[in-house]
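K.L.:
With the input below, show me the fold.
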Amino acid sequence: MKKKLLTIFGVLVLVCSLPLTGNAAVKQRFSDVPTTKHFAEAVYELAERNIIGGYPDGTFKPGNPITRGQAAAIIAKLKKMDLTNVKKPNFKDVSESNGYYKAIAALSEANIIGGYEDGRYGPNDPIKRGQLASILVKAFDLPRYSFEATKNPFKDVVGYESHGSSILILYRLGIAGGTSPDRFSINAPVTRGQAAKMMKATEESKPTMVSLEAKELGMDGIYNVKWRTGEDLYEPIVVDGIAGYSTDRLQLIPLKEGTAMLNLIGYNGNVPIEQHRHIFKKYYVHVKKVTGELKLTLEETNDYLPTEAPLAVYAGEKVENISLSTVEGKLLNDNAAYKKCEGTQNVCLAIDEPGSYIAKARLVGGKEVRYAIEAKKPERAYFHYDIKTLREQLTYVFDMKALFDHNDYYDKEAAENIGKHKIVTKNAEEIAEMTRDSGTNVFRVTAKKVGTVEVEFENHVYWRTGQPGDAVSGITSGMKITVLEMNGLINISASQIYEINSDM
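P.N.:
All right, here's what the predicted structure looks like:
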């Protein structure tokens with residue numbers, strides 16, 4: 001009985017020992033919490049709100065450890081949780097007569113707190129800094145940034161430990177620092193003063209965001225999100241649920257005003273992963289500033305957006321005009337808008353509708369080049385069409401060294417001394433006609449029909465793609481002549497036949 005009375009007394013001291021009137025609370029000062037203390041503002045504000053209280057002797061005892069039960073009681077009050085009809089938490093050391101019972105039960109049901117492996121909760125145990133970090137992240141639904149998303153200054157915090165990600169989330173948001181510049185002290189107890197400061201900081205530092213459970217999006221679970229445009233307008237985070245306790249959650253953090261896109265991949269079915277029925281949805285993400293604060297809203301849509309079709313442009317060529325027709329010959333635009341594709345010398349032409357097209361590019365100097373374009377609705381709910389393009393090219397003349405243009409390094413001496421070549425494909429002459437200029441590595445190929453011709457070199461060529469220490473290397477033993485057809489246009493090209501080095 002004595003232990004039970006002490007537990008109830010602890011709750012009363014923590015959360016109920018303040019004057020009832022707001023004015024009295026504002027004037028209250030704890031004798032051991034001078035206003036110069038770094039946690040004083042948090043202590044007095046939470047006391048004014050009747051979230052925390054002091055002791056009958058007028059002290060707050062800020063240096064005393066706060067227990068796991070006390071922390072649960074404070075957070076339940078901060079979150080204004082309904083404690084009237086709570087579900088039994090089944091911790092063997094938390095009975096209904098425990099003064100923290102309702103708070104612990106409510107937080108346990110919400111999957112905010114958990115117990116030890118032996119079935120205890122430990123309501124009278126001092127709460128540790130790592131434990132409180134994880135509780136605050138869950139209780140206030142903070143953005144679940146991955147461990148790798150934040151530079152880690154703490155030598156005692158690692159990603160594979162249970163509280164590692166939560167600690168870096170608090171650090172990133174400015175809620176909690178370390179006990180020293182390079183240590184967080186995960187297992188150190190949290191004092192009453194520290195707890196007040198961390199809880200108040202969590203309330204104030206949580207960024208504006210939208211947080212939705214999978215079921216609110218018509219799913220049982222969320223696999224992933226993909227977004228191709230507007231990446232700087234918002235940040236999406238998928239929070240994995242715990243089977244039997246919580247569902248997956250999507251968090252969307254607005255960054256600046258504008259409209260962007262979101263592709264959401266999820267599933268339905270409480271069955272093994274290989275039996276999941278996949279769901280694909282797409283949304284417009286609208287971010288607007290309302291009364292000085294960014295607000296984010298989702299708008300589900302079935303729209304498709306104009307999609308860029310890349311048209312191959314070779315070195316020295318400059319496009320002057322592009323016309324676009326259907327494959328049947330109907331002219332759609334005799335001066336179609338285009339732009340240089342990002343990161344390449346090719347040009348990109350926007351396609352508004354699915355279909356089969358022929359684009360004709362007029363180059364500076366008068367030469368015309370035709371392209372086949374196929375635009376199809378994607379199987380998944382993406383905003384952009386699946387695009388394929390093919391440049392018409394019936395003949396191709398190239399120096400064999402051109403095969404290595406995309407490699408960062410290749411053995412130039414070996415490339416100039418490939419020796420004899422041997423065509424190994426049967427009936428190759430039906431697919432393409434190939435000749436080699438005498439005494440050179442210059443090949444001339446002409447397409448005849450769709451197919452592939454493989455050619456072996458007498459001597460092999462070493463190459464590397466990437467920088468030393470982070471590269472892929474291999475040996476090229478020959479080349480492949482490929483003839484393709486799309487929308488009636490034929491293309492012939494050459495590429496390497498190679499093997500990746502086994503030690504990479």
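
K.L.:
mind listing what Tyr223 touches?
P.N.:
Taking CB atoms under 8 Å, 6 or more residues apart in numbering, we find Tyr223 in contact with Val238, Ile265, Gly266, Tyr267, His278. (Glycine included, C-beta is placed from N, CA and C.)

K.L.:
Likewise for Gly266?
P.N.:
Ala214, Leu217, Met219, Asp220, Gly221, Ile222, Tyr223, Asp248, His278, Ile279, Lys281 are the contacts of Gly266 under CB under 8 Å, 6+ apart.

K.L.:
For it, give the beta-bridge partners.
P.N.:
Beta-bridge partners recorded for Gly266 (DSSP bridges): Ile222, Ile279.

K.L.:
same thing with His421?
P.N.:
Listed by DSSP bridges, the beta-bridge partners for His421 are Phe457.

K.L.:
what's the neighbour count on it?
P.N.:
By other CB atoms under 10 Å, 17 other residues sit near His421.

K.L.:
mind showing which ranges of the stretch 151-300 of the chain have poor pLDDT?
P.N.:
Applying pLDDT under 70 to the stretch 151-300 of the chain picks out residues 227-230, 242-246, 270-276.

K.L.:
typo on my end, the chain
P.N.:
For the chain, the stretches flagged by pLDDT under 70 are 1-28, 227-230, 242-246, 270-276, 503-504.

K.L.:
which residue lies farthest from the center of this structure?
P.N.:
No residue in the chain sits farther from the centre than Ser438, which is 54.8 Å out by CA atoms, centre = their mean.

K.L.:
right, and out of the contacts of Gly266, which lies closest to Leu390?
P.N.:
For these, the residue nearest Leu390 by CB to CB is His278; the value is 30.7 Å.

K.L.:
now that closest one, nearest residue through space, not along the chain?
P.N.:
Closest residue to His278 apart from its sequence neighbours, by CB to CB, 6 or more residues apart in numbering: Tyr267 at 5.4 Å.

K.L.:
separation between that neighbour and Thr247?
P.N.:
In this view, Tyr267 and Thr247 are 12 Å apart by CB to CB, to the nearest Å.

K.L.:
Now the common contact residues for these two.
P.N.:
Residues touching both Tyr267 and Thr247 (CB under 8 Å, 6+ apart) are Asp220, Gly221.

K.L.:
right, and the helix or strand after the helix or strand hosting Asn224?
P.N.:
Per DSSP states H and E, Asn224 falls inside strand 221-226. Remark: after strand 221-226, the chain's next helix or strand is strand 234-239, criterion DSSP H and E.

K.L.:
Run the chain-centre distance for that following strand.
P.N.:
On the basis of CA atoms, centre = their mean, to the nearest Å, strand 234-239 sits 6 Å off its chain's mean C-alpha point.

K.L.:
Can you name the helix or strand that Ala105 falls in?
P.N.:
Per DSSP H and E: helix 101-109 holds Ala105.

K.L.:
what packs against that helix?
P.N.:
helix 68-78 (3 or more CB pairs under 8 Å, 6 or more residues apart in numbering; DSSP states H and E).

K.L.:
and the helix it packs on, what other elements does it pack with?
P.N.:
Against helix 68-78 (3+ CB pairs under 8 Å, 6+ apart) you get helix 2-15, helix 101-109, helix 129-139, helix 192-205.

K.L.:
okay if I get the ones you listed as CSV plus distance to Met261 and mean neighbour count?
P.N.:
Listed next are the helices and strands packed on helix 68-78 as CSV, based on distance: least, CB to CB, whole Å; neighbours: other CB atoms under 10 Å:
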stretch, distance to Met261, mean neighbour count
helix 2-15, 46, 14
helix 101-109, 36, 23
helix 129-139, 28, 23
helix 192-205, 29, 21
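
K.L.:
so which of those comes closest to Glu499?
P.N.:
That would be helix 129-139 among the helices and strands packed on helix 68-78, by CB to CB, at 48.2 Å.

K.L.:
May I have that closest one as CSV, with CA atoms only?
P.N.:
In CSV, the C-alpha atoms belonging to helix 129-139 read as follows (Å, rounded to 0.1, in the frame of the first residue of the first chain):
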residue,chain,number,x,y,z
ARG,A,129,17.8,10.4,-23.5
GLY,A,130,17.5,7.9,-26.4
GLN,A,131,14.2,6.6,-25.2
LEU,A,132,12.7,10.1,-24.9
ALA,A,133,13.9,11.0,-28.4
SER,A,134,12.0,8.1,-29.9
ILE,A,135,8.9,8.9,-27.9
LEU,A,136,8.9,12.5,-28.9
VAL,A,137,9.3,11.6,-32.6
LYS,A,138,6.3,9.3,-32.5
ALA,A,139,4.1,11.4,-30.2
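
K.L.:
Go through the strand holding Asn224 and flag the buried ones.
P.N.:
The neighbour-count check on strand 221-226 (16 or more other CB atoms under 10 Å) flags Gly221, Ile222, Tyr223, Val225 as buried.

K.L.:
of those, closest to Thr191?
P.N.:
When the buried residues of strand 221-226 are compared for distance to Thr191 (CB to CB), Ile222 wins out at 38.3 Å.

K.L.:
wait, doesn't that closest one sit right on Leu250?
P.N.:
Yes - with contact defined as CB atoms under 8 Å, Ile222 reaches Leu250; the gap is 5.9 Å.

K.L.:
shared neighbours, those two?
P.N.:
Jointly contacting Ile222 and Leu250 under the rule CB under 8 Å, 6+ apart are Ala214, Val238, Leu264.

K.L.:
what would those look like in JSON lines with neighbour count and distance to Arg129?
P.N.:
Below are those laid out as JSON lines (neighbours: other CB atoms under 10 Å; distance: CB to CB, whole Å):
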{"residue": "Ala214", "neighbour count": "23", "distance to Arg129": "31"}
{"residue": "Val238", "neighbour count": "19", "distance to Arg129": "27"}
{"residue": "Leu264", "neighbour count": "26", "distance to Arg129": "35"}
